[in-house]
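# Sequence and predicted model, in that order:
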Amino acid sequence: MMSFRNLLGATALAFGLAACADSPPPVVAPTPPPVAAPAAPQAPAVADLVGARAVPGARQLTARGYRLARVRGMTRFYWHAAASTCVRATVARGRFSVVEQVPPAACGR
């Protein structure tokens, strides 16, 4: 025979389960998306300067954030600090004949 205490416990359990079945699901706060590390800045392109006159081409490199790092004959090396990029610009007949990215060591970094 079931005692009053057992009957009360079974009844409470039944009502509790019935209440859970009708209740809405618990509210869960959405998890924020993972924060990605900021991308390293990209150095501005320089290939379009091939064929440019040397002085306006050098001004354009400066306007794009490059700074003269060193000079070796008719070749100048420009450093873009934000992007840690070195560019070699070679002058022939008063114009840039080669403008290309080179390893940072070429700029003395």
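Received the coordinates, thanks.

# residue boundaries of the strands in this structure?
In the chain, the strands defined using DSSP state E lie at 67-72, 75-80, 85-92, 95-102.

# now the ones you listed as CSV including distance to Pro41?
Every C-beta, even on glycine, is put in place using the N, C-alpha and C of the backbone. Supplementary listing: the strands of the chain in CSV, determined by distance: least, Cβ to Cβ, whole Å:
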stretch, distance to Pro41
strand 67-72, 15
strand 75-80, 9
strand 85-92, 9
strand 95-102, 14
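
# and of these, who's closest to Val50?
strand 95-102 (5.2 Å; Cβ to Cβ).

# Pull the distance from the closest one to the chain's centre.
With Cα atoms, centre = their mean, to the nearest Å as the basis, strand 95-102 stands 27 Å off its chain's centre.

# Contacts for stretch 96-109 next, please.
43, 46-47, 49-54, 57, 69-70, 77-79, 84-91 (Cβ atoms under 8 Å, 6 or more residues apart in numbering).

# Show me what the nearest residue to Arg67 once chain neighbours are set aside bridges to in the sheet.
The shortest distance from Arg67 to any non-neighbouring residue, by Cβ to Cβ, 6 or more residues apart in numbering, is to Trp79 (5.5 Å). For Trp79, the beta-bridge partners under DSSP bridges are Arg67, Cys86.

# repeat for Arg53
Listed by DSSP bridges, the beta-bridge partners for Arg53 are Arg95.

# Tell me how many other residues surround it.
Neighbour count of Arg53, defined by other Cβ atoms under 10 Å: 14.

# Same question for the one 4 residues further on.
A count of nearby residues for Gly57, using other Cβ under 10 Å, gives 21.

# where does it sit relative to Ala45, distance-wise?
Distance, Gly57 to Ala45, by Cβ to Cβ, to the nearest Å: 13 Å.

# residues near Ala43, how many?
Other residues near Ala43 come to 20 when the count uses other Cβ under 10 Å.

# for Arg70, same thing?
Number of residues near Arg70 (other Cβ under 10 Å) recorded here: 13.

# what about it, distance to Pro24?
Here Arg70 is placed at a distance of 70 Å from Pro24 (Cβ to Cβ).

# I am finished for the moment; much appreciated.
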